[in-house]
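Undergrad: task: produce atomic coordinates for the following.
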Amino acid sequence: MTQSLEDRFFSSDPAQRQIARSLYKRVKDLPLVCVHGHVNPAMLCASNYDWGTPVDLLIIPDHYIFRMLYSQGIMLEELGIPSKEKGGHLATPDHRKVWQIVCDHWYLFRGTPSSLWLRDELRDIFGIEEKINSANAQKIYDALEAKLHNPEFQPRQMFERFHIEVLATTDAATDTLHYHESIRQSGWHGRVIPTFRPDMVVNIDAEHFAENIQRLSQVSNIDVTSYPSYIAALEQRRRFFKEMGATATDHAAMTAYTEHLSEREAEIIFQRALKGQISTEDARRFTGHMLLEMARMSVEDGLVMQLHIGSYRDHNSAIYEHFGRDMGADIPVASEFTRNLKPLLDRFGREDDLTIVVFNLDETTYSRELAPLVGHYPALRLGPPWWFFDSLNGIRRFFDNVVETAGLYNTTGFNDDTRAYPSIPARHDLWRRASADWLAGMVLRGIIDEEDAHEMVVDMAYRLAKQAYKLES
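TA: Just a heads-up that it's a prediction; the model follows:
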């Protein structure tokens, strides 16, 4: 017998399923706390936003979808992805044809999170019950297109319908945050806050680093010509982001390597970077040093520091050359934390007022390194399974690998980490169902009792994220 949609993701064991239902009922209608994601704040600026087509809404922002299609020989051009060669423009393909291609190949997604998210989006948001396939592709496209012209499907109305309590975007250090300012001035009461992401002015091997520093000078009103002025400019931007409501920063690095450089060493490397004369070793050392500097700044200004480790970005050189960054070609690499984070933890690991949330794409580190580290150092917390692993099985593995050693309360609940705005409720719902089912199994095995499980499931769905990201006020 197949599981009903109401019991989806729960155990087939009747006793566990009954407890899971009770736990899920406790959290299914709680507000969504979206502490880390990549939604474009522009869509929430105005009351009359143009979504474009169903492809613009559901396909183009979702690299989970087009990376799978690319793996089966479907070119990104066929999916409407703009190329760098044409200045980010593409002779717009017929989006009905793009949608048909996706539906013709939807069988490729069987058993993947994408299939679960889109199924739930279509049903719960757009009222479309049918499974997508080749035969009904155009019928569903028509239904979606009609919905997108309906006022109740405007981004702000969806924000309120999704019951989002707060949504954090991710914004470059050089962003003026004018969209956030527009949201503030509009009179709308949805809470949308920025997140300070300095990668393009910190990772000195980033594309166009010198130009990015010029932009940093412009927006900070500090002439960045030396390492001290560079640090001053970054501190100024952090203050500005905090004034605009930010509670967190976000940093991406391939490894967790940290190292303290003297100011003289940092100056020498920084000057080489401005001239485009750095080595791979320069980049590794400077990024490692700046992670320490960012931790120091977080001690001073209170911003939560998120650290995303373990992605080999833009692994497919041809895709990068033709389409740019973030085109579904990022691949996990093996990671090490115990030695790499020690310089940072020696200086800041005992800071009670500092929160560093660590994310990683190497699952083998969860039980071996990360759970023991966050189970010891007051400054560390462990973020939820990320990217390739925010799946049903990935979430279950995470709980099994982490909670025994780190404890639940050294983790940070859930974040959706998505650009695909309509998928936010589906992602949170999957987490809440997986949490309820996992806790139900713990109850049946006598590890926790039902009273504790009912408190823990609320923490996992709601309270942990608010507390970790200082969103209580």
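Undergrad: going forward, measure contacts between C-alpha atoms and count neighbours the same way
TA: Will do.
Undergrad: can you give me the helices for the stretch 201-350 of the chain?
TA: Applying DSSP state H, counting those that start in this stretch to the stretch 201-350 of the chain gives helices spanning 209-220, 227-243, 263-274, 280-301, 317-323, 342-348.
Undergrad: compare those and say which comes out lowest on pLDDT.
TA: Lowest mean pLDDT within the helices of the stretch 201-350 of the chain: helix 317-323, at a mean of 89.
Undergrad: which parts of that helix are buried?
TA: 319, 320, 323 (16 or more other C-alpha atoms under 10 Å).
Undergrad: in CSV: those residues, plus distance to residue 17.
TA: Below are the buried residues of helix 317-323 laid out as CSV (distance: C-alpha to C-alpha, whole Å):
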residue, distance to residue 17
319, 45
320, 46
323, 46
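Undergrad: related to what we said a few turns ago, figure out which of the helices of the stretch 201-350 of the chain is closest to residue 185.
TA: Closest to residue 185 of the helices of the stretch 201-350 of the chain, according to C-alpha to C-alpha: helix 227-243, at 14.5 Å.
Undergrad: how far away from the center of its chain is the closest one?
TA: Averaging C-alpha positions (C-alpha atoms, centre = their mean, to the nearest Å) puts helix 227-243 24 Å from its chain's average.
Undergrad: okay, that helix in CSV with CA atoms only?
TA: Extracted as CSV, the C-alpha positions of helix 227-243 are listed here (Å, rounded to 0.1, in the frame of the first residue of the first chain):
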residue,chain,number,x,y,z
TYR,A,227,45.2,46.9,3.6
PRO,A,228,44.1,49.2,6.5
SER,A,229,41.8,51.2,4.3
TYR,A,230,40.4,47.9,2.9
ILE,A,231,39.6,46.7,6.4
ALA,A,232,38.0,50.0,7.3
ALA,A,233,35.8,49.8,4.2
LEU,A,234,34.6,46.3,5.0
GLU,A,235,33.8,47.4,8.6
GLN,A,236,31.8,50.4,7.2
ARG,A,237,29.8,48.1,4.9
ARG,A,238,29.0,45.8,7.8
ARG,A,239,27.7,48.7,9.9
PHE,A,240,25.5,49.8,7.0
PHE,A,241,24.1,46.3,6.5
LYS,A,242,23.4,46.0,10.2
GLU,A,243,21.6,49.4,10.1
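Undergrad: so what secondary structure elements neighbour that helix?
TA: helix 209-220, helix 263-274 (3 or more C-alpha pairs under 8 Å, 6 or more residues apart in numbering; DSSP states H and E).
Undergrad: list of residues touching that helix?
TA: 173-174, 194-196, 216-217, 220-224, 263, 266-267, 270-271, 297, 301, 303 (C-alpha atoms under 8 Å, 6 or more residues apart in numbering).
Undergrad: now which of the residues you listed would you call buried?
TA: By 16+ other C-alpha under 10 Å, these give 173-174, 194-196, 216-217, 220, 222, 224, 266-267, 270-271, 297, 301, 303 as buried.
Undergrad: low-scoring stretches of the chain, by residue?
TA: Applying pLDDT under 70 to the chain flags residues 1-3, 85-92, 473.
Undergrad: rerun at 90
TA: Applying pLDDT under 90 to the chain flags the ranges 1-5, 46-48, 59-64, 66, 76-93, 206-207, 319-329, 352, 472-473.
Undergrad: could you pull out the strands for it?
TA: 32-34, 164-168, 171-172, 192-193, 196-197, 248-253, 304-309, 311-312, 331-332, 356-360, 380-382 (DSSP state E).
Undergrad: now distance to residue 111 too, for the ones you listed, in TSV please.
TA: Listed next are the strands of the chain as TSV, based on distance: least, C-alpha to C-alpha, whole Å:
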stretch	distance to residue 111
strand 32-34	25
strand 164-168	28
strand 171-172	33
strand 192-193	33
strand 196-197	33
strand 248-253	29
strand 304-309	26
strand 311-312	24
strand 331-332	20
strand 356-360	23
strand 380-382	27
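Undergrad: ok, residue 226 to residue 241 distance?
TA: From residue 226 over to residue 241 the distance is 23 Å, taken as C-alpha to C-alpha, to the nearest Å.
Undergrad: more crowded one of those two?
TA: For residue 226 versus residue 241, neighbours defined as other C-alpha atoms under 10 Å are more numerous around residue 241 (24 against 15).
Undergrad: if I look at the more buried one, how far off is residue 197?
TA: Residue 241 is 10 Å from residue 197, by C-alpha to C-alpha.
Undergrad: likewise for residue 9?
TA: 34 Å.
Undergrad: what residues are up against residue 441?
TA: residue 16.
Undergrad: residue contacts, the most centrally placed residue in the chain?
TA: By C-alpha atoms, centre = their mean, the mean C-alpha position of the chain lies nearest to residue 417, the distance being 2.3 Å. Contacts for residue 417 were tallied using C-alpha under 8 Å, 6+ apart; they are 36, 37, 38, 386, 387.
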